[in-house]
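coordinates for the following, if possible.
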Amino acid sequence: MRYFRIGSIILLSILLFGCSTKVVQEDAEDHYSKETPLEIDILVPESIEPNQNTRLEISLTCNGQAVDSLETVMFTIWNKDEQDVITELSAENWGNGRYGVETTFDRNGLYLLKVSASFNNSSVMPTKQFTVGDFVPKLNDEVELDNTSNSHHKHH
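Residues are numbered from 1 along each chain as shown. Down below sits the predicted model:
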């Protein structure tokens, strides 16, 4: 009989504790602010020639709506073979959630474009690789292209 009482108390305690943590878990999310995801599409021309003016663009949305009032939009561009030569450009607001820069590339090669954007405490920093001129990626470059190319990126 004594073991039955102890067992009942332990079982009842477990059941009550399990129910009370469920209530805490369901209620806990209401006490934290919910982040609104910033979505970004990086748009790079399919064909880019050296020494020609090139337009690099991003399209930004938040909850399906175009974002026209970003706090920060920076484009960082570098050639994969010259990683110590980095170009940083402040993007212009072209309206309707579009931001971009116009630039030129002085030689053929594999380039990387990293976009840094912030809006309402949400930040994204996707990177996209692209080629300029008659550059043919090596096998290890192609694998890296698959791993780091983010033409569409969501941050939650």
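
and N63, how many neighbours?
Residues near N63, counting by other Cβ atoms under 10 Å, number 9. Bear in mind the C-beta positions are built from the backbone N, C-alpha and C, glycine included.

actually M125, not the one I wrote
Counted with other Cβ under 10 Å, M125 comes out at 15.

spell out the secondary structure type for the nearest residue to S90 once chain neighbours are set aside.
With Cβ to Cβ, 6 or more residues apart in numbering as the criterion, S90 has its nearest non-adjacent residue at 6.1 Å, and that residue is M74. Under DSSP: H, G, I helix; E, B strand; the rest coil, M74 falls in the strand class.

any idea how far M74 is from Y111?
16 Å (Cβ to Cβ, to the nearest Å).

looking at these two, which is more packed in?
For M74 versus Y111, the count of surrounding residues by other Cβ under 10 Å is larger for Y111: 23 against 16.

tell me what the host helix or strand of that one is packed against?
Here Y111 is covered by strand 109-119, with elements defined by DSSP states H and E. If you count contacts as 3 or more Cβ pairs under 8 Å, 6 or more residues apart in numbering; DSSP states H and E, strand 109-119 packs onto strand 38-43, strand 54-62, strand 72-79, strand 122-124, strand 127-132.

redo those strands as JSON lines? Include mean pLDDT and distance to T104.
Below are those laid out as JSON lines (pLDDT from 0 to 100; distance: least, Cβ to Cβ, whole Å):
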{"stretch": "strand 38-43", "mean pLDDT": "91", "distance to T104": "17"}
{"stretch": "strand 54-62", "mean pLDDT": "94", "distance to T104": "6"}
{"stretch": "strand 72-79", "mean pLDDT": "93", "distance to T104": "11"}
{"stretch": "strand 122-124", "mean pLDDT": "81", "distance to T104": "26"}
{"stretch": "strand 127-132", "mean pLDDT": "95", "distance to T104": "10"}
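
of the ones you listed, which is nearest G100?
strand 54-62 (3.8 Å; Cβ to Cβ).
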